[in-house]
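# sequence first, then the predicted structure, then my questions.
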Amino acid sequence: MSRRDAVAALDFAKAVPDGAGPTTTVAVLLHGRGSDMRDLQGLRPHLPGDWALVTPQAPFVGAAWGYGPGWAWYRYLEEDRVVPETLEESLTRLDGFLSGLPELLGFEVGRVVLGGFSQGGTTALSHALSRPGSVSAVLVFSGFLPDSVSVHETGGTPPRTPIFWGHGQGDPAIPITLATRGRNRLERAGASLVARDYRIGHWIDAEEIQDAVRWVRELG
């Protein structure tokens with residue numbers, strides 16, 4: 001994909017601190033189903049002031065699948081099943097978007113942390129697992145691991161990207177049982193995984209963000 005195509009890959013919103021450069025941590029956070037690129041910009045006050053926050057918009061119109069007026073990263077089926085072709089389309093679009101970050105932001109990019117909420121968390125995790133080493137870390141907030149995403153649970157090479165996975169114990173949209181299923185697959189594969197559960201439903205808690213930021217900083 002050319003630089004021009006990469007820039008056009010996905011619409012996005014951004015918040016970049018003054019003086020940002022190669023040592024700036026760039027958090028690329030993906031919104032949930034039926035939302036848009038502006039949604040997770042609301043997390044800006046909870047992130048370190050020296051981080052850049054970039055929030056791309058999913059490529060699929062959510063209304064076509066009954067997801068309301070916003071956008072979607074894939075078509076959901078049931079449990080941990082999605083339509084693989086729709087997820088792969090979003091992952092390919094993310095490839096172009098991430099490769100185009102230096103042009104989009106106006107500076108050479110160092111550490112990129114890819115994360116997201118709900119569908120966005122599922123998509124971020126899928127990207128990190130299927131594109132080893134493409135980002136420095138992944139943050140999963142209330143997502144799941146699709147059964148179509150390969151994880152070599154025995155005898156294979158462990159996933160390279162460190163993973164933080166936060167989930168609500170009372171999540172009615174993506175039950176904690178689905179999180180447990182995905183986490184177990186990752187643990188059997190030898191992934192570097194930190195799992196945290198919170199007394200919340202289907203949303204992101206301030207404590208969860210604090211834990212995730214602390215974890216990223218501890219990675220060095």
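Okay, I see it.

# residues contacting residue 73?
Applying CB atoms under 8 Å, 6 or more residues apart in numbering to residue 73 gives the contacts 30, 33, 58, 59, 60, 86, 87, 90, 119, 120, 122, 123. (Each C-beta comes from the backbone N, C-alpha and C, glycine too.)

# redo these as a markdown table? Include secondary structure, distance to residue 107 and neighbour count.
Listed next are those as a markdown table, based on DSSP: H, G, I helix; E, B strand; the rest coil; distance: CB to CB, whole Å; neighbours: other CB atoms under 10 Å:
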| residue | secondary structure | distance to residue 107 | neighbour count |
| --- | --- | --- | --- |
| 30 | strand | 22 | 31 |
| 33 | coil | 32 | 23 |
| 58 | coil | 25 | 29 |
| 59 | coil | 26 | 19 |
| 60 | strand | 30 | 19 |
| 86 | helix | 33 | 17 |
| 87 | helix | 30 | 23 |
| 90 | helix | 26 | 24 |
| 119 | helix | 29 | 30 |
| 120 | helix | 24 | 30 |
| 122 | helix | 29 | 30 |
| 123 | helix | 25 | 28 |
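
# from those, pick the one nearest residue 191.
Residue 191 lies nearest to residue 122 out of these, by CB to CB, at 15.5 Å.

# leaving aside the residues next to it on the chain, what's closest to the closest one?
Among residues not flanking residue 122 along the chain, residue 143 sits closest, at 4.0 Å (CB to CB, 6 or more residues apart in numbering).

# how about the secondary structure of the one you found?
Following DSSP: H, G, I helix; E, B strand; the rest coil, the label given to residue 143 is coil.

# show me the shaky parts of the chain.
By pLDDT under 70, the weakly predicted segments of the chain are 1-8, 154-156.

# what about residue 151, neighbour count?
When neighbours are defined as other CB atoms under 10 Å, residue 151 has 18 of them.

# find the nearest non-adjacent residue to it, please.
Using CB to CB, 6+ apart and skipping the chain neighbours, the partner closest in space to residue 151 is residue 189 (4.7 Å).

# so who does that neighbour touch?
Neighbouring residues of residue 189 by CB under 8 Å, 6+ apart: 151, 152, 153, 156, 158, 159.
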